[in-house]
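Novice: sequence plus predicted model, see below.
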Amino acid sequence: MAKDAYTVAILGVTGAVGTRLLEQLAQSKIPVEKVIPLASSRSAGKTLQFKGQAVTVQEAKPESFTGVDLVLASAGGGVSKRLLPEAVKRGAVCVDNTSAFRMDPEVPLVVPEVNPEQLQKHQGIIANPNCSTIQMMVALEPLRRRFGLEQIVVSTYQAVSGAGQSAWQELLDQAQQHLNQETMTAKILPTKGDPKHYPMAFNLLPQIDVFEEDGYSHEEWKMIHETKKIMCNDMDDLSLKVTATCVRVPVELGHGESIYIQLADPTTTVEQIRDLLAQAPGVVVQDQPEEQIYPQPLTAAGKRETFVGRIRADAENPGAFNLWVVSDNLLKGAAWNTVQIAEELARQDLVRVP
């Protein structure tokens, strides 16, 4: 039986996603009896606001989850792997925003507009997909259901905020250095663990995360296999062809994606796609090229929806279309999707460990 109100812990509450988790939780339909903000020892003692009340950040430890019903986590994969099983042992249901559990066949990978039924299978942990995958799923799932979907070719234009607050700040510092005619300092991107780092300001980096042996970056690998797991319930499904090129761009907030799709129904029209997406949950169609109306990161920032425009048919391949998709990577791509999952867990009375 559903509880009247829940005790909710936010793990990684002081990060770029964590601060938004707190905000989105405050605005959600989840009845919250108590919120417990958790972070590293460095942040313990800081004061945050939740619904006008001051809450104090605590150091995240296994015992922090005693008496907790829901955990919303975005503190890094290593932290999630170490602490979320401890939370589950103590009876909490966890929604994790890291990559730690996404490819675990026992862990549901969920976009609420696409596959909320997967929550029924949870064993205490639910994974939030990669930010770039989420917005693509919101835009394409209605088309897959109506017309059938055979192939996806996606090129991403991903904002620096997706690499964390320090990378975001480095972009701003580099932009100022460049304007001051100084040498730009690069210590983080494309990925901190690699030996080489390049300036992000006024640049494009065709590498997000490390490279795999086949030449794809791990971000591209994630988009391919997460898409198959979400849409086909099998990360290695062969019936849906997916390929990706992921590029970091000097934008602060909001990922853009150029998506080419091959639908199973060759008679599908642009008008049918536009009309279907206009009614789809979580989608806003901005597709009036004659008036220069199309999705942009600046106008998507701070909004929960996924914006779709530049919908056009491939003139040489019946049933093939191009779309331009934009969303706030820290909201729908992270914090809002996580809270949406928690809302759905509460609605389905699934806030309990089997």
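Specialist: Sure thing, it's come through.
Novice: could you pull out the strands for the stretch 51-200 of the chain?
Specialist: Using DSSP state E, counting those that start in this stretch, the strands of the stretch 51-200 of the chain run over residues 53-56, 58-59, 70-73, 93-96, 125-127, 149-158.
Novice: which one of those is the most hemmed in?
Specialist: Highest mean neighbour count among the strands of the stretch 51-200 of the chain (mean count of other CB atoms under 10 Å): strand 70-73, with a mean of 28. Every C-beta, even on glycine, is put in place using the N, C-alpha and C of the backbone.
Novice: can I get it in PDB? Just the C-alpha atoms.
Specialist: Taking Å, rounded to 0.1, in the frame of the first residue of the first chain, the C-alpha atoms of strand 70-73 are listed here in PDB:
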ATOM      1  CA  LEU A  70      13.600   6.700  -2.100                       C
ATOM      2  CA  VAL A  71      17.100   7.600  -3.200                       C
ATOM      3  CA  LEU A  72      17.700   9.900  -6.100                       C
ATOM      4  CA  ALA A  73      21.400   9.500  -7.000                       C
END
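Novice: which neighbouring elements make contact with that strand?
Specialist: In terms of contacts (3 or more CB pairs under 8 Å, 6 or more residues apart in numbering; DSSP states H and E), strand 70-73 is packed against strand 6-11, helix 77-89, strand 93-96, helix 336-347.
Novice: what would those look like in a markdown table with mean pLDDT and distance to D275?
Specialist: Listed next are the helices and strands packed on strand 70-73 as a markdown table, based on pLDDT from 0 to 100; distance: least, CB to CB, whole Å:
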| stretch | mean pLDDT | distance to D275 |
| --- | --- | --- |
| strand 6-11 | 98 | 38 |
| helix 77-89 | 97 | 40 |
| strand 93-96 | 98 | 33 |
| helix 336-347 | 98 | 25 |
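Novice: I'd assumed N337 was in contact with P112.
Specialist: Yes - counting by CB atoms under 8 Å, P112 does reach N337; the two are 7.2 Å apart.
Novice: ok, the two, which is more surrounded?
Specialist: N337 (28 against 22; other CB atoms under 10 Å).
Novice: where along the chain do the helices fall?
Specialist: Ranges of helices in the chain, per DSSP state H, are 16-27, 77-89, 131-147, 165-179, 218-232, 270-278, 297-300, 336-347.
Novice: now the third one: buried residues?
Specialist: Within helix 131-147, the residues that count as buried by 16 or more other CB atoms under 10 Å are 131-144, 147.
Novice: just these now: which is nearest I230?
Specialist: Checking these against I230 with CB to CB, the nearest one is M137 at 5.5 Å.
Novice: ok now do the closest one, which residues does it touch?
Specialist: Neighbouring residues of M137 by CB atoms under 8 Å, 6 or more residues apart in numbering: V111, E113, V114, P129, T227, I230, M231.
Novice: and the gap between it and G15?
Specialist: For M137, the distance to G15 equals 24 Å [CB to CB, to the nearest Å].
Novice: where in the stretch 51-200 of the chain is pLDDT low?
Specialist: For the stretch 51-200 of the chain, no stretch is flagged by pLDDT under 70.
Novice: tell me, how many residues neighbour the residue nearest to F50 when sequence neighbours are not counted?
Specialist: Counting by CB to CB, 6 or more residues apart in numbering, F50 lies nearest to V35, which is 5.0 Å off, once chain neighbours are set aside. For V35, the count of nearby residues is 21 (other CB under 10 Å).
Novice: correct me, but A278 touches V285?
Specialist: Yes - with contact defined as CB under 8 Å, A278 reaches V285; the gap is 4.7 Å.
Novice: higher neighbour count, the two?
Specialist: Between A278 and V285, counting by other CB under 10 Å, V285 is the more crowded of the two (20 against 13).
Novice: that one and E305 touch, don't they?
Specialist: No - assessed by CB under 8 Å, V285 is found out of contact with E305, at 10.1 Å.
Novice: show me what contacts the closest residue to L323 other than its chain neighbours?
Specialist: Closest residue in space to L323, ignoring its immediate chain neighbours: I259 at 4.8 Å, by CB to CB, 6+ apart. Taking CB under 8 Å, 6+ apart as the criterion, I259 is in contact with M136, A139, L140, I152, V153, V154, N322, L323, W324, V325.
Novice: now, which of those residues sits nearest P199?
Specialist: Using CB to CB, V154 comes nearest to P199 of the contacts of I259, at 25.5 Å.
Novice: okay, and the beta partners of that closest one?
Specialist: For V154, the beta-bridge partners under DSSP bridges are A244, I259.
Novice: surely it meets G256?
Specialist: No - shown here, V154 and G256 do not form a contact pair, counting by CB under 8 Å, at 10.7 Å.
Novice: now stretch 84-100, how far from the centre of its chain.
Specialist: Here stretch 84-100 is found 18 Å from its chain centre; the criterion is CA atoms, centre = their mean, to the nearest Å.
Novice: show me what counts as buried in it.
Specialist: Residues of stretch 84-100 classed as buried: 84, 86-88, 90, 92-100 (neighbour count, 16+ other CB under 10 Å).
Novice: turn those residues into TSV, including distance to P250.
Specialist: Listed next are the buried residues of stretch 84-100 as TSV, based on distance: CB to CB, whole Å:
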residue	distance to P250
L84	34
E86	39
A87	37
V88	40
R90	43
A92	39
V93	38
C94	34
V95	31
D96	29
N97	24
T98	25
S99	24
A100	29
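Novice: right, and the pair among those with maximum separation?
Specialist: Taking CB to CB, no two of those sit farther apart than R90 and S99, at 23.5 Å.
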